[in-house]
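Asker: I'll drop the sequence and a predicted model, then ask my questions.
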Amino acid sequence: MPDKKKEVIDCLRDTGFFKPKKIYDAGKVIIGIIILLAIVLFPFFYNMGKAAKVPEPKIDTPVIQKLPEKERVCIEPKEYMRENHMRLLDDWRDQVVRFGNRDYKGYTKKYTISLQNTCLECHSNYDNFCDECHKYTGIKPYCWNCHIDKPKEWAEGKLKEEN
Amino acid sequence: MDINRREFLKITGASTIVGLLGGWKAVELLAPGELEAKYLPKTEALTAKRWAMVVDNKKMDEKTAKKCIEICHRIHNVPDIGDPKREIKWIWLEPFENAFPGQRQEHTAERLNGKPLIVLCNHCDNPPCVRVCPTKATWKREDGIVMMDQHRCIGCRFCMAACPFGSRSFNWGDPRPFIKKKNPEYPTREKGVVEKCDFCAERLAKGLIPACVEVSNGALVFGDLADPKSDVRKTLRTHYSIRRKPHLGTNPQVYYIV
């Protein structure tokens, strides 16, 4: 068996398999690799130690503050809403537009299905509630292309039109 | 393969049990789930088998018509762009001979000839816009309303080409900067979607009649065409009415008393 192995190695040696290879223009290539690595790794070094602020959505809006402590609940439990509000809103959309079902039985009471009128009535702080997490996770929901994120200010003409 | 009576009975018994379990699962699967139980229509919603409208042009003057248009465009955040090439309209005025091509005679009544007539989506019973929509963003509801789902509209404008009444408008740009009177309770549209009248579906759901009908002082009549006692049926029974381009076979459901 060792003979066989030696034979193979010899054969490989003959074909130049173990000969050290030469990099053509080694200097330029290595500089290129270093520049590439620098560019690729730049964001990591640049942002090192600068963790983005963990979002803290606020629920201290006037409408919520006015509610008695016991009734300060969302339409579904907080944990469910955190994970599933986007799916729920998708269901809401289809139920209202396609099937005309505009009432939703929440876990404590019945609600009118409306992003703009029901959700935003309590959560009137779009910047500190919705946007807080969406910005952190880099999500740009297109709900707000049509639905108005700050209805009151919008109606009063206080919002700058982006165009 | 040999099988004796005893083994046959064993296999039969076992399969029956498995079958029953499967059957029970099927019952559970088909039973109304959480989703159906959570969503309900509003109890105060107005419902019908076939919504329809009658425009009594004898009662409709230009001032009332303008009021109808104003309220509709205000509550639905319809922009006023000013450029006729980009205009958005849900309900608007059209000269009689344009609304009813071929109906004009040399001596047509003076109150009709060249005079504006209020027009809107006809909520056709055989809507060509629905046939051509590739995404089912527009469809005919059970109650006859030709509805739009802006979420699904891809802006191909086939529906606009299909509609013989010009009832649909396309948002060539973001409409928001052009909305003068704003209703914070209704969404706007975005660039690249088609929009039109939907017989105030959002108001019907709350038990209210369409806004234009409400302010029309009886010049617009709205109701269920399938109900012989409804206002539309009563009006149609006692008056001669015409519809826009009925020969095209779209079966429009807005009737005109001229």
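Answerer: Now that the structure is in, tell me what you want to look at. Residues are numbered from 1 along each chain as shown, chains lettered A, B, ... in the order given.
Asker: now the closest residue to chain A within the stretch 101-250 of chain B: how far from A:P141?
Answerer: Nearest to chain A, among the residues of the stretch 101-250 of chain B, is B:P184, at 3.5 Å (CB to the nearest CB). For glycine as for every other residue, the C-beta is placed from the backbone atoms N, C-alpha and C. Using CB to CB, to the nearest Å, we find B:P184 at a distance of 19 Å from A:P141.
Asker: Next, B:V55: secondary structure please.
Answerer: Recorded secondary structure, B:V55: strand (DSSP: H, G, I helix; E, B strand; the rest coil).
Asker: pretty sure it is touching B:Y256, no?
Answerer: Yes: counting by CB atoms under 8 Å, B:V55 does reach B:Y256; the two are 5.0 Å apart.
Asker: joint contacts of the two?
Answerer: Common neighbours of B:V55 and B:Y256 (criterion: CB atoms under 8 Å, 6 or more residues apart in numbering or on different chains): B:L117.
Asker: Can you name the next helix or strand after the helix or strand bottoming out on mean pLDDT in chain B?
Answerer: In chain B, no helix or strand scores lower on mean pLDDT, DSSP states H and E than helix B:34-38, which sits at a mean of 70. Later in the chain than helix B:34-38, the nearest helix or strand by DSSP states H and E is strand B:39-40.
Asker: What are the neighbouring residues in contact with A:H147?
Answerer: Counting by CB under 8 Å, 6+ apart, A:H147 touches A:L115, A:Q116, B:P187.
Asker: Could you rank the residues you listed by neighbour count and give me the top one?
Answerer: Sorting the contacts of A:H147 by how many neighbours each has (other CB atoms under 10 Å in any protein chain shown) puts B:P187 first, at 21 neighbours.
Asker: any low-confidence regions in chain A?
Answerer: Counting by pLDDT under 70, the ranges of chain A that qualify are A:1-2, A:160-163.
Asker: So which residue is dead centre in it?
Answerer: Geometric centre of chain A, nearest residue: A:T137, 2.9 Å, by CA atoms, centre = their mean.
Asker: What separation is there between that residue and B:V194?
Answerer: 32 Å.
Asker: can you list the residues of chain A near chain B?
Answerer: A:91, A:93, A:95, A:97-105, A:112-113, A:116-117, A:142, A:145-148, A:151-152, A:154-155, A:157, A:161-163 (CB under 8 Å from any CB of the partner chain).
Asker: And the contacts of A:H147, which is closest to A:P20?
Answerer: Proximity of those to A:P20 (CB to CB) peaks at A:L115, which lies at 67.3 Å.
Asker: Could you pull up the contacting residues of that closest one?
Answerer: Residues counted as contacts of A:L115 (CB under 8 Å, 6+ apart) are A:L89, A:W92, A:C143, A:H147.
Asker: Can you give me the neighbour number for the third one?
Answerer: It refers to A:C143. Neighbour count of A:C143, defined by other CB under 10 Å: 16.
Asker: Torsion angles phi and psi at the residue nearest to it when sequence neighbours are not counted?
Answerer: Distance criterion CB to CB, 6 or more residues apart in numbering or on different chains; nearest residue to A:C143, sequence neighbours excluded, is A:L115 at 6.5 Å. A:L115 adopts backbone torsions of phi -60, psi -50, taken as degrees, to the nearest 10.
Asker: How about the one 4 residues further on?
Answerer: For A:C119, the backbone dihedrals are phi -60, psi -50 (criterion: degrees, to the nearest 10).
Asker: repeat for B:D125
Answerer: The phi/psi pair for B:D125 (degrees, to the nearest 10) reads phi -80, psi -20.
Asker: likewise B:G218?
Answerer: When read as degrees, to the nearest 10, the backbone of B:G218 gives phi 90, psi 0.
Asker: how many neighbours does it have?
Answerer: Neighbour count of B:G218, defined by other CB under 10 Å: 12.
Asker: how about it, what does it touch?
Answerer: B:D56, B:K59.
Asker: now swap in B:S216 and tell me
Answerer: B:M60, B:T64, B:K67, B:C68.
Asker: Kindly report the same for B:M53.
Answerer: Contacts for B:M53 (CB under 8 Å, 6+ apart) come out as B:L120, B:H123, B:F199, B:P210, B:V213, B:L220, B:V221, B:F222, B:V232, B:Q253, B:V254, B:Y255.
Asker: buried subset of these?
Answerer: Taking 16 or more other CB atoms under 10 Å in any protein chain shown as the criterion, what is buried in the contacts of B:M53 is B:L120, B:H123, B:F199, B:P210, B:V213, B:L220, B:V221, B:F222, B:V232, B:Q253, B:V254, B:Y255.
Asker: returning to that earlier point: settle it for me: which of B:P184 and A:P141 has more neighbours?
Answerer: Using other CB under 10 Å as the criterion, B:P184 and A:P141 rank with B:P184 on top: 17 against 12.
Asker: can you list the domain ranges for chain A.
Answerer: A:2-46, A:62-155 (automatic domain parsing).
Asker: Can you tell me which of the ones you listed is nearest to B:N98?
Answerer: Closest approach to B:N98 among the domains of chain A (CB to CB): domain A:62-155, 31.4 Å.
Asker: And that closest one, end to end?
Answerer: In domain A:62-155, first residue to last residue: 19 Å (CA to CA, to the nearest Å).
Asker: What of stretch A:6-26?
Answerer: Start and end residues of stretch A:6-26 are separated by 33 Å (CA to CA).
Asker: Also stretch A:13-20?
Answerer: Stretch A:13-20 stretches 11 Å from its first residue to its last (CA to CA).
Asker: and A:A26, how far is that from A:I33?
Answerer: For A:A26, the distance to A:I33 - CB to CB - is 10 Å.
Asker: Over to B:T16?
Answerer: Distance of B:T16 to A:I33, given as CB to CB: 71 Å.
Asker: Same check on A:F129?
Answerer: Computed as CB to CB, the A:F129 to A:I33 distance reads 47 Å.
Asker: What of B:R6?
Answerer: 79 Å.
Asker: Up against chain A, what does the stretch 101-250 of chain B have?
Answerer: Proximity of the stretch 101-250 of chain B to chain A is confined to B:141, B:147, B:149-151, B:173-174, B:176-177, B:182-191, B:201, B:205-206 under the rule CB under 8 Å from any CB.
Asker: Generate a PyMOL selection restricted to the buried entries among the residues you listed.
Answerer: Per 16+ other CB under 10 Å, the buried members of those correspond to this PyMOL selection:
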select buried, chain B and resi 141+147+149+150+151+174+176+182+183+184+186+187+188+189+190+201+205
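Asker: can you give me the helices in the stretch 51-200 of chain B?
Answerer: In the stretch 51-200 of chain B, the helices defined using DSSP state H, counting those that start in this stretch lie at B:62-75, B:96-99, B:128-132, B:158-162.
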